[in-house]
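Enquirer: Could you look at this predicted model? Sequence included:
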Amino acid sequence: MFSRVAIVNRGEAAMRLIHAVRELAAETGTRIETVALFTDVDRTATFVREADIAYDLGPASARPYLDLKVLERALVETGADAAWVGWGFVAEDPAFAELCEKIGVTFVGPSPDAMRKLGDKIGAKLIAEEVGVPVAP
């Protein structure tokens with residue numbers, strides 16, 4: 001079980017994770033903290049206020065959600081033991097999953113290898129055919 005989950009997303013996606021973590025914590029009796037990673041434009045957003053911990057990534061104009069060094073610093077400095085990305089650019093980046101592995105943070109999502117294989121639509125279709133999944137011609 002995780003004790004501190006970094007949310008590498010924003011808005012409604014982040015709120016869904018915060019609610020899910022609260023439900024899981026209530027069901028298991030385990031304390032699980034959420035860490036909202038945010039930029040200047042989201043400083044007063046609901047997900048930032050609702051998270052247990054808020055970590056400022058800097059200006060949105062610098063695109064910090066796509067900067068692995070910034071994300072690594074955030075994960076380390078907040079003591080996150082898991083990272084959840086939801087959907088979007090980071091969720092499709094095997095390099096972020098590898099970064100998590102390198103620093104000992106559990107990436108909540110598919111392995112980097114699975115992302116690479118399934119990120120290629122033709123390759124994913126070939127894999128599906130190999131295991132007998134019906135596919136469109």
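Expert: In hand now; what should we look at? Numbers count the residues shown, from 1 in each chain.
Enquirer: Report whether the expected contact of residue 24 with residue 32 is present.
Expert: Yes - look at residue 24 against residue 32 with CB atoms under 8 Å: they come within range, at 6.5 Å. The way it works is simple: take the backbone N, C-alpha and C, and place the C-beta from them, glycine included.
Enquirer: of the two, who's got more company?
Expert: Neighbour count, other CB atoms under 10 Å: between residue 24 and residue 32, residue 32 has more, with 19 against 14.
Enquirer: Chain neighbours aside, what residue packs nearest to the more buried one?
Expert: Leaving aside its sequence neighbours, residue 32 sits nearest to residue 25 (CB to CB, 6 or more residues apart in numbering; 4.6 Å).
Enquirer: Distance of that neighbour relative to residue 102?
Expert: 28 Å (CB to CB, to the nearest Å).
Enquirer: Those two: which has the busier surroundings?
Expert: Neighbour count, other CB under 10 Å: between residue 25 and residue 102, residue 25 has more, with 15 against 9.
Enquirer: quick one: buried residues of the host helix or strand of that one?
Expert: Residue 25 is located in helix 11-28, with elements delineated by DSSP states H and E. Across helix 11-28, burial judged by 16 or more other CB atoms under 10 Å covers 13, 14, 15, 17, 18, 21.
Enquirer: Would you map the strands across this protein?
Expert: All strands of the chain, identified by DSSP state E, fall at 4-7, 33-39, 53-58, 82-84, 106-108.
Enquirer: Just give the strands next to the fourth one in its sheet, each with its orientation.
Expert: This means strand 82-84. Strand pairing for strand 82-84, using DSSP bridges, gives strand 4-7 (parallel), strand 106-108 (parallel).
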